[in-house]
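**Student:** next input, structure requested:
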Amino acid sequence: MSSNKSKGDLFSSKLGLILSVLGIAVGTGNIWRFPRIAAQNGGAEGAGAFLIAWISCLFLFSIPLIIAEYGIGRHGRKGVIGSFIKLVGRKFGWMGGFIGCVATAIMFYYSVVAGWSLFYLVESIGSNLPTSVDQAQVVWDGFQGSMWPSVFHALMMIMGGIVVVKGISSIERINKILIPSLLLVVVISLIRAVTLSGSMQGLEYLFTPDWSTLSQPSLWLEALTQNAWDTGAAWGLILTYGAYMRKQDDITISAFQTGIGNNIVSLLAAMTIFATVFGTLGSSMGNGEILEVMRTSGPASTGLTFMWMPQLFNQMAGGPVFAILFFLGLTFAAFSSLISMIELASRVFVDMGISRNKATVFICIAGFLFGMPSALSVDILANQDFVWGVGLLVSGAFMSFAIIRFGPERFRNEIVNNGEQKYTLGGWWQVIIKYVVPVEVISLLIWWIYLSITAYAPDTWYNPLSAFSVATIVVQWGIVMGLLYLYNGPITEKTIREPSS
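**Tutor:** Numbering: from 1, shown residues only. You can find the predicted model right below:
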């Protein structure tokens, strides 16, 4: 396809673009993952130092990469592989392929978590809320021991496929409904949470810095990976939506709106959950015990969101209504992100000349089948979250490499500052993308491997069958990279030769 896309193939408005990209960014990472990570990285005084590191990573990692993704996508007008090829040449198509594979591997289990959200929404509408930990555990165990996780996983893939098969206009329309609705739910939930007695104690802990924790490299690793999770930076999802970006839409402003808007939602979600947990448990537990509840939240952080929140809502006046709102918001967040993952994978096949209908159906069937192990086992899901969550660091490195090879100054002057922009991107971006991002990625990966060998899994780090070992990451990444590198030629030829639709 030529770079001049027809009007119907582009977002119809700047609002549609931003809401759709916020649909990528605002997902379960904000509501399901962020509060737990903040609690785990809080010190004795509070979690404010983690927030400082997390916000720093927004400006020193995520937003610069989001600018790169928007630019690569709009310049290439294709999916991750096609746009990578156009920017840096045929030899590096496999790198775009790896970025796409990381996001698609996350999609396999993300759909399962989205299904959990939908189940708990239905459960909160149709059943009484659990009154104790034991009762909540019975609900969770009963759900996980049945075929319902697989059924709801299938439902989410089918609904996502229905939206994606109709193209970008359908994605834009659904996000114009989902994202404002989600924001409304988050704000209403926060207002209710802060009215609880003791809730201010939770907010005080969330925002109070324990400065000593800033010297811990593990905190920075968690902050960086969480921010990549939060914003969708380096997933290739924003790159894919960037292919549908209008020429007059300002890349730099859009990137800042995306990153900052997403982090605001994360903070609102964390405030809601910290206020709810402290406000509900404060009368019967000390701060240390409450934080333990938030930190030890089960495999793949299932406990806090799916076991504790329902029983906390049960203790509130009007709790059943807010339980419905909470899981409605979580389901909307998960679904909007899932749509973008299906679109990313489908677009790669559309670029190879396969019709959108066939590509989407294939991806949804593959997504269901490859997601089934995670639907059947929370431990497998936790392993996949571990392997491909860290894989986002490599995706970020590949994005940075592509810009460096093309030329950061040339990219900034020719692609981002295209003469129609309202804000001119300055030289600061070149410094971050050329030096800061690679240093962040390399140093954090080395530090993470060192910790894995010496602290996290000293006895099993070399065992690829161990769920959280270095070896399981090396083997899974190695298989994907090896196959992509081996078949780079045929994949590249197919992507370039066939016109996309």
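
**Student:** please make it C-alpha for all contacts and neighbour counts, starting now.
**Tutor:** OK.

**Student:** which residue is nearest the middle of the protein?
**Tutor:** Centroid-nearest residue in the chain, with CA atoms, centre = their mean: residue 229, separated by 3.8 Å.

**Student:** list phi and psi for residue 208.
**Tutor:** The main-chain torsion angles of residue 208 are listed as degrees, to the nearest 10 and equal phi -90, psi 120.

**Student:** quick check: it touching residue 51?
**Tutor:** No: with contact defined as CA atoms under 8 Å, residue 208 and residue 51 do not form a contacting pair (9.4 Å).

**Student:** what strand or helix carries the residue nearest to the centre of the chain?
**Tutor:** Taking DSSP states H and E as the criterion, the element that holds residue 229 is helix 217-231.

**Student:** ok, residues contacting that helix?
**Tutor:** Contacting residues not belonging to helix 217-231 are listed as 24-27, 29-30, 34, 37, 41, 50-51, 53-54, 57-58, 61-62, 213-214, 233-234, 258-259, 262-263, 266, 389-390, 392-393, 444, 447-448 [CA atoms under 8 Å, 6 or more residues apart in numbering].

**Student:** PyMOL command for the buried members of these?
**Tutor:** For the buried members of these, the matching PyMOL selection, counting by 16 or more other CA atoms under 10 Å, is:
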select buried, resi 24+25+26+27+29+30+34+37+41+50+51+53+54+57+58+61+62+213+214+233+234+258+259+262+263+266+389+390+392+393+444+448
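
**Student:** give me the subset of the contacts of helix 217-231 that lies in helices.
**Tutor:** Using DSSP state H, 24-25, 34, 37, 50-51, 53-54, 57, 258-259, 262-263, 266, 389-390, 392-393, 444, 447-448 are the members of the contacts of helix 217-231 that sit in helices.

**Student:** over to residue 12. Which of the three states is it?
**Tutor:** Using DSSP: H, G, I helix; E, B strand; the rest coil, the structure places residue 12 in coil.

**Student:** what comes up buried for the helix holding residue 229?
**Tutor:** Going through helix 217-231 with 16+ other CA under 10 Å, the ones that come out buried are 218-231.

**Student:** looking at these, which is nearest residue 318?
**Tutor:** residue 230 (29.9 Å; CA to CA).

**Student:** what's the nearest residue to the closest one if we skip its chain neighbours?
**Tutor:** Taking CA to CA, 6 or more residues apart in numbering, and ignoring the residues beside it in sequence, residue 230 has residue 29 as its nearest neighbour in space, at 5.4 Å.

**Student:** what does the pLDDT read for residue 294?
**Tutor:** As summarised for this prediction, residue 294 has a pLDDT of 77.

**Student:** which helices and strands does the helix or strand in which it is found pack with?
**Tutor:** Residue 294 belongs to helix 287-295 when assigned by DSSP H and E. Taking 3 or more CA pairs under 8 Å, 6 or more residues apart in numbering; DSSP states H and E as contact, the helices and strands that helix 287-295 lies on are helix 34-40, helix 251-281.

**Student:** with mean pLDDT as extra columns, can I get these in CSV?
**Tutor:** Written out in CSV, the entries for the helices and strands packed on helix 287-295 read as follows (pLDDT from 0 to 100):
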stretch, mean pLDDT
helix 34-40, 87
helix 251-281, 90
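
**Student:** mind checking which of those helices is nearest residue 134?
**Tutor:** Across the helices and strands packed on helix 287-295, the minimum distance to residue 134, taken as CA to CA, is reached by helix 251-281, at 15.8 Å.

**Student:** check the offset of the closest one from the chain's centre.
**Tutor:** For helix 251-281, the distance between its averaged C-alpha position and the chain's averaged C-alpha position is 14 Å (CA atoms, centre = their mean, to the nearest Å).

**Student:** flag every buried residue along it.
**Tutor:** Using 16+ other CA under 10 Å as the burial criterion, the residues of helix 251-281 that qualify are 251-252, 254-263, 265-281.

**Student:** by mean pLDDT, point me to the weakest helix or strand of this structure.
**Tutor:** Among the helical and strand segments of the chain, the one scoring lowest on mean pLDDT, DSSP states H and E is helix 302-303, with a mean of 64.

**Student:** quick one: average pLDDT of the helix or strand that that one is followed by?
**Tutor:** If you walk from helix 302-303 toward the C-terminus, the next helix or strand you reach (DSSP H and E) is helix 309-314. Averaged across helix 309-314, pLDDT comes to 80.

**Student:** between helix 251-281 and the next helix or strand after helix 309-314, find me the angle.
**Tutor:** Elements were assigned by DSSP H and E; along the chain past helix 309-314, the next helix or strand is helix 319-351. Relative orientation of helix 319-351 and helix 251-281, computed by axes from the mean of the first three to the mean of the last three CA atoms, to 10 degrees: 150 degrees.

**Student:** got the buried residues for helix 319-351?
**Tutor:** The neighbour-count check on helix 319-351 (16+ other CA under 10 Å) flags 319-320, 322-351 as buried.
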